[in-house]
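Enquirer: Here is the input, now give the coordinates:
(one chain, ligands or ions: 1)
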Amino acid sequence: MAYNYLLSDTRDNGICILTISAPKTLNALNSAVLKELDTFIGSLDSAVKVLIITGDGPKSFVAGADISQMSTLSAKEALEFSKLGAGVFRKIETLNIPVIAAINGYALGGGCELALSCDIRIASDNAVFGQPEVKLGIIPGFSGTYRLSKIVGQGFAKEIIYSGKNIRSDEALRIGLVNHVVSIDELMPTVLALAETIVANAPIALKNAKKSINEGFDLDSEGAIALESKLFSDCFNTADQKNGMAAFLEKRKAVFENK
Ligand code: DAK
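Expert: Coordinates of the predicted model:
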């Protein structure tokens, strides 16, 4: 399918770079962009083993939901819009491969929420984060209240959401909102290096690890530990487990087949 707002580059090694491109609005998310994202994520090729999401240009990852489009929504339409965005971000969060956000500038409102739905966040030093919704008379609507609290804790989440203040990348690093901060020139090489490390590992093990971390978080301790045990034991039904352990014992590098 041809996309108006998405550029994608899938490499032979199974790494796909998805770039959100709406330059006139600093890559803001309107419903057309969200629908394209929904289609793209829903039809991702099984050859893709790690997805990187970034924004077009040197200034902005995603500057939020599109305020000009949101400004005229009725409450009913707002609910539809929120469901669309929240649904796409949930698809990203539960995608069965690792997703890395390469945050190359503004990550405000829906842009910050998009980054929060990814597994790992790496930012350039010019990145700016915030949930400025209360300044517009609304609250985060793409699951930001939930995920920001999960990632940085309720104290920092409440400060960021109640104040509507932007924070710079060094502060985002300090509170655990991002994993690493690098220069804008180093951003994609750093993200690609991590993606290459991840992509060399067993895909089913990665899928099960992601599921265990994501789903275990919302369970009690007993449930989370039982889920991990089940997903751990499931790995023993895979050829990759046999191959990975044999490779270790034979002192060679494992090449995984995703089976
Ligand atoms: N929406 C629409 N247009 C945007 C935009 C946005 N979020 N952000 C930037 N633009 C547009 C600007 O209007 C401008 O357009 P022109 O004037 O050139 O036509 C162009 O992008 C360049 O922006 P600036 O001229 O403002 O560039 P600066 O470098 O001076 O400033 C900035 C960059 C990112 C600091 C500034 O543009 C800014 O503050 N933008 C708004 C950021 C923001 O407030 N983002 C959060 C949006 S609220 C919900 C669903 C979803 C949400 C909430 C509820 N439900 C339905 C329940 C999510 C809400 C949000 O994300």
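
Enquirer: remind me which residues of the stretch 101-250 of the chain are low pLDDT?
Expert: Within the stretch 101-250 of the chain, no stretch falls below the threshold (pLDDT under 70).

Enquirer: which parts of it sit against the ligand?
Expert: 106, 108-110, 132-133, 136, 138, 140-142 (CB under 6 Å from any ligand atom). Placement of C-beta: from N, CA and C, glycine included.

Enquirer: Helices - which of these land there?
Expert: Among those, the members falling in helices (DSSP state H) are Gly110.

Enquirer: Need the buried ones from the residues of the stretch 101-250 of the chain next to the ligand selected in ChimeraX.
Expert: Selecting only the buried entries of those in ChimeraX, with 16 or more other CB atoms under 10 Å as the criterion:
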select :106,108,109,110,132,133,138,140,141,142
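
Enquirer: any idea how far the nearest residue to Ala202 once chain neighbours are set aside lies from Thr25?
Expert: Once flanking residues are discounted, Ala202 sits nearest to Asp240: 4.1 Å by CB to CB, 6 or more residues apart in numbering. Between Asp240 and Thr25 the distance is 43 Å, computed by CB to CB, to the nearest Å.

Enquirer: residues contacting the residue nearest to Thr238 when sequence neighbours are not counted?
Expert: Spatial nearest neighbour of Thr238, chain neighbours left out: Ile204 (5.0 Å); criterion: CB to CB, 6+ apart. Taking CB atoms under 8 Å, 6 or more residues apart in numbering, we find Ile204 in contact with 235, 238, 240, 258-259.

Enquirer: need the longest helix for the chain.
Expert: helix 75-94.

Enquirer: What angle do helix 75-94 and the next helix or strand after that one make with each other?
Expert: Counting by DSSP states H and E, the next helix or strand C-terminal to helix 75-94 is strand 99-103. Interaxial angle of strand 99-103 relative to helix 75-94 (axes from the mean of the first three to the mean of the last three CA atoms, to 10 degrees): 110 degrees.

Enquirer: Distance-wise, check the residue positioned nearest the centre of the chain relative to Thr19.
Expert: In the chain, the centroid-proximal residue (CA atoms, centre = their mean) is Cys118; its distance is 1.5 Å. Computed as CB to CB, the Cys118 to Thr19 distance reads 14 Å.

Enquirer: just to revisit the earlier point, closest to the ligand out of the contacts of Ile204?
Expert: The shortest gap between the ligand and any of these belongs to Asn258, at 35.7 Å (CB to the nearest ligand atom).

Enquirer: any idea what sits nearest that closest one, other than its immediate chain neighbours?
Expert: Pro203 is the one closest to Asn258 (CB to CB, 6+ apart), at 4.4 Å.

Enquirer: Tell me who's in contact with that neighbour.
Expert: Contacts of Pro203 by CB under 8 Å, 6+ apart are 49, 97, 240, 256, 258.

Enquirer: who are the neighbours in contact with the third one?
Expert: By CB under 8 Å, 6+ apart, the contact set of Asp240 is 202-205, 254, 256-259.

Enquirer: Separate out the buried members of these.
Expert: Looks like the contacts of Asp240 have 202-205, 254, 256 buried, using 16+ other CB under 10 Å.

Enquirer: Restricted to helices, list those.
Expert: Those of the buried ones among the contacts of Asp240 lying in helices (DSSP H): 203-205.

Enquirer: of all those residues, which comes closest to the ligand?
Expert: The ligand lies nearest to Pro203 out of these, by CB to the nearest ligand atom, at 32.8 Å.

Enquirer: how far away is the closest one from Tyr5?
Expert: Distance of Pro203 to Tyr5, given as CB to CB: 29 Å.

Enquirer: Number of residues surrounding the closest residue to Lys49 other than its chain neighbours?
Expert: Nearest residue to Lys49, sequence neighbours excluded (CB to CB, 6+ apart): Gly14, at 3.5 Å. Gly14: 21 surrounding residues under other CB atoms under 10 Å.
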